[in-house]
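A.B. asks: Pasting the sequence and the predicted model now:
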Amino acid sequence: MSAPTKIFTYPLTNDTITITEEMGCKAVSIFCSTATSGTVSGGAPLGGLISADLPIGQNETTIITASDNGGVLTGVVITAPVGCTLEIIAEV
């Protein structure tokens, strides 16, 4: 029998959260419910490129998942500036 799935939910407003390996997050969904955009960025380089902030606009959703072999996310930075609410749902 596999371990039960646990879900974290949080309305992120005027704040930043960084997902670390210790959090054990397997997947995260980020929905922007406001006209002010939020951002998400990764912490890993790809070749010679470094990660950059990507916007999440009103009514847009971004879903990030770890590999299927039991991996977890790390270095994901989610930012909701003033006037922005990002609705976070994560599998932990």
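C.D. replies: In hand now; what should we look at?

A.B. asks: what ranges of this structure fall below the confidence cut-off?
C.D. replies: Residue ranges of the chain with pLDDT under 70: 1.

A.B. asks: how long is stretch 48-56 from one end to the other?
C.D. replies: Using C-alpha to C-alpha, to the nearest Å, the end-to-end distance of stretch 48-56 comes out at 25 Å.

A.B. asks: and that stretch, which residues are buried?
C.D. replies: For stretch 48-56, the neighbour count (16 or more other C-beta atoms under 10 Å) marks Ile56 as buried. Glycine gets a C-beta too; all of them are placed from N, C-alpha and C.

A.B. asks: residues in contact with that stretch?
C.D. replies: With contact meaning C-beta atoms under 8 Å, 6 or more residues apart in numbering, stretch 48-56 is reached by 30-32, 37-45, 62, 75, 79, 86.

A.B. asks: Which of these sits closest to Thr20?
C.D. replies: Nearest to Thr20 among these is Gly75, at 7.5 Å by C-beta to C-beta.

A.B. asks: in stretch 17-33, what's buried?
C.D. replies: 17, 19, 23, 25-28, 30-32.

A.B. asks: quick one: which of the residues you listed is nearest Thr5?
C.D. replies: Once C-beta to C-beta is applied, the member of the buried residues of stretch 17-33 that ends up nearest Thr5 is Lys26, at 8.5 Å.

A.B. asks: The closest residue to that closest one other than its chain neighbours: neighbour count?
C.D. replies: Excluding the flanking residues, the one nearest Lys26 by C-beta to C-beta, 6 or more residues apart in numbering is Glu91, at 4.5 Å. For Glu91, the count of nearby residues is 17 (other C-beta atoms under 10 Å).

A.B. asks: can you check Asp15 too?
C.D. replies: Neighbours around Asp15, by other C-beta under 10 Å: 14.

A.B. asks: ok, which stretches of the protein are strands?
C.D. replies: Along the chain, counting by DSSP state E, strands occupy 7-19, 27-32, 38-41, 54-56, 61-65, 76-91.

A.B. asks: returning to what we had before: please list only the buried members of the contacts of stretch 48-56.
C.D. replies: Buried subset of the contacts of stretch 48-56 (neighbour count, 16+ other C-beta under 10 Å): 30-32, 37-40, 42, 62, 79, 86.
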